[in-house]
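J.: Quick one, fold the following:
(one chain, ligands or ions: 1)
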Amino acid sequence: MTDFHAVKLSGIAHPANVTAMLHEICEHFVEHSDVVYNDGIATLKSTDWTIEIATTDDFLNIEIRSENDEALAATRTMFAEHLFYFAGEQPFSLEWSTPAPKVRPPGFFEATVVSAEDVTPRMRRVTLSLTDVSPFIGGNMHVRLLVPPRGRTPVWPNLEANGRIGWPEGEDELIVRVYTIRSVDLESNRVCIDFLQHPAEGVATPGADFARDTMAGEQVALMGPGGGGLPQADVIFFAGDESALPAIARMVEEAPPGVTMTALIEVENAGEEQPLRTQGRLHTEWLHRASYAADGANTLVGRVKAALENVGDDTFVWFAAEKSDVRAIKRSLADRKRDRKRQYVAWYWNKES
Ligand SMILES: Cc1cc2nc3c(=O)[nH]c(=O)nc-3n(C[C@H](O)[C@H](O)[C@H](O)COP(=O)(O)OP(=O)(O)OC[C@H]3O[C@@H](n4cnc5c(N)ncnc54)[C@H](O)[C@@H]3O)c2cc1C
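T.: Residues are numbered from 1 along each chain as shown. Prediction:
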């Protein structure tokens, strides 16, 4: 971890409840950074940034340090978005010593659709061409996909003075969904994203429909990458449903020889299984949702819980799926009092949305 973060920026946040927000910040960032709390001052430290938060009765005094201006701007936007998210519907304001300039958000990339094809009956792969795909190599692998309304010239987001992303509204509103960069081709400057097709009667599925309907030449944009990549561990237990399959497939592909992995993946049926390539040692088990027993036994959560009985403390546990499944697995891991740095547990979709 680098301790030398040369450039800095300060800000003042005014939440409805200072203590509650600081608690939420520390709780959330403990899975992404080293969090130290002492005498009303919280310090969050990651490889790329340090964020120090000192509290007064009404305010959070924030100082962000990073290695260069680009990383500083990206950290400010990331942190501002989190703070507004934590504030929810409560009144909240945020100001910086230097307001953010009205430019495209950090990590914004325009992209052109090259092709779309089925990988399996329910998984559709879209290939995108970018000017430069090098930011997508290694490290983080998730992006926000921005799809403008068909037939309109795209209007892309700019930063607001508080560091947040200002999204186009009304007729220019974008479809924004989170996906995983499944693969990156440095030579052709192309990336692929795999989209699960999950049609449901009477429910719009704009992200999935984009992949179903898109044609070569369509203009979209990506924001990122962020949100994690291959865990640094010798033994990894992966589990998840189809929304996590592109991430699991990419991570096992990127795992070096010597890494031992188990993957428990839930798909609709045998036709949705995909070959997983790796240089490491991988044992894969596919669960078929269509053949689950009516009593709900041995579904993804049950199987993961059972598997965790035999997972050692040194094993990195990676789990992503629907929100309530993720809550169940989080509880199970908390009961085991595992080191939270040795786990990634994230919900990728919400059946209540
Ligand atoms: C970090 C991250 C990475 C992700 N990577 C991928 C990826 O690579 N490929 C991928 O396909 N998805 C991925 N997802 C999940 C994807 O973002 C969601 O499934 C998203 O909701 C799809 O948007 P939509 O417009 O199709 O449906 P929405 O408009 O969000 O939802 C419409 C309806 O579909 C239901 N729904 C949404 N997702 C699913 C699902 N997966 N299965 C069944 N029903 C669903 C909702 O409950 C809702 O009823 C990822 C999510 C995260 C957070």
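
J.: Contact residues of the stretch 51-200 of the chain facing the ligand?
T.: Within the stretch 51-200 of the chain, the positions adjacent to the ligand are H142, R177, V178, Y179, T180, D194, F195, L196, H198, A200 by Cβ under 6 Å from any ligand atom. All C-beta atoms are positioned from the backbone trio N, CA, C, and that covers glycine.

J.: how close does the fifth one sit to W349?
T.: Right, the one you point to is T180. Distance, T180 to W349, using Cβ to Cβ, to the nearest Å: 13 Å.

J.: again, but for I175
T.: From I175 to W349 the distance is 15 Å (Cβ to Cβ).

J.: With neighbour numbers in mind, choose between those two.
T.: W349 (19 against 15; other Cβ atoms under 10 Å).

J.: What pLDDT does the model give the more buried one?
T.: pLDDT recorded at W349 is 98.

J.: Just list the residues touching it, thanks.
T.: When contacts are counted by Cβ atoms under 8 Å, 6 or more residues apart in numbering, W349 touches S243, E322, K323.

J.: Would you mind putting these into a markdown table with neighbour count, secondary structure and pLDDT alongside?
T.: As requested, the contacts of W349 are exported to a markdown table (neighbours: other Cβ atoms under 10 Å; DSSP: H, G, I helix; E, B strand; the rest coil; pLDDT from 0 to 100):
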| residue | neighbour count | secondary structure | pLDDT |
| --- | --- | --- | --- |
| S243 | 21 | coil | 98 |
| E322 | 20 | strand | 97 |
| K323 | 15 | helix | 97 |
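
J.: Tabulate the residues you listed (JSON lines), appending distance to the ligand.
T.: Putting those into JSON lines (distance: Cβ to the nearest ligand atom, whole Å) gives the following:
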{"residue": "S243", "distance to the ligand": "4"}
{"residue": "E322", "distance to the ligand": "7"}
{"residue": "K323", "distance to the ligand": "9"}
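
J.: which of the residues you listed lies closest to A294?
T.: A294 lies nearest to E322 out of these, by Cβ to Cβ, at 19.3 Å.

J.: and the closest one, bridged to which residues?
T.: W349 (DSSP bridges).

J.: list the contacts for it?
T.: D241, S243, W347, Y348, W349, N350, K351.

J.: Tell me which residues are up against stretch 284-302.
T.: 239-241, 262-270, 273, 276, 303, 321, 325, 328-329.

J.: okay, and the common contacts of T180 and W349?
T.: With Cβ under 8 Å, 6+ apart, T180 and W349 have no common neighbours.

J.: So which residues of the stretch 201-350 of the chain form strands?
T.: Using DSSP state E, counting those that start in this stretch, the strands of the stretch 201-350 of the chain run over residues 219-226, 235-240, 260-267, 281-288, 316-322, 343-349.
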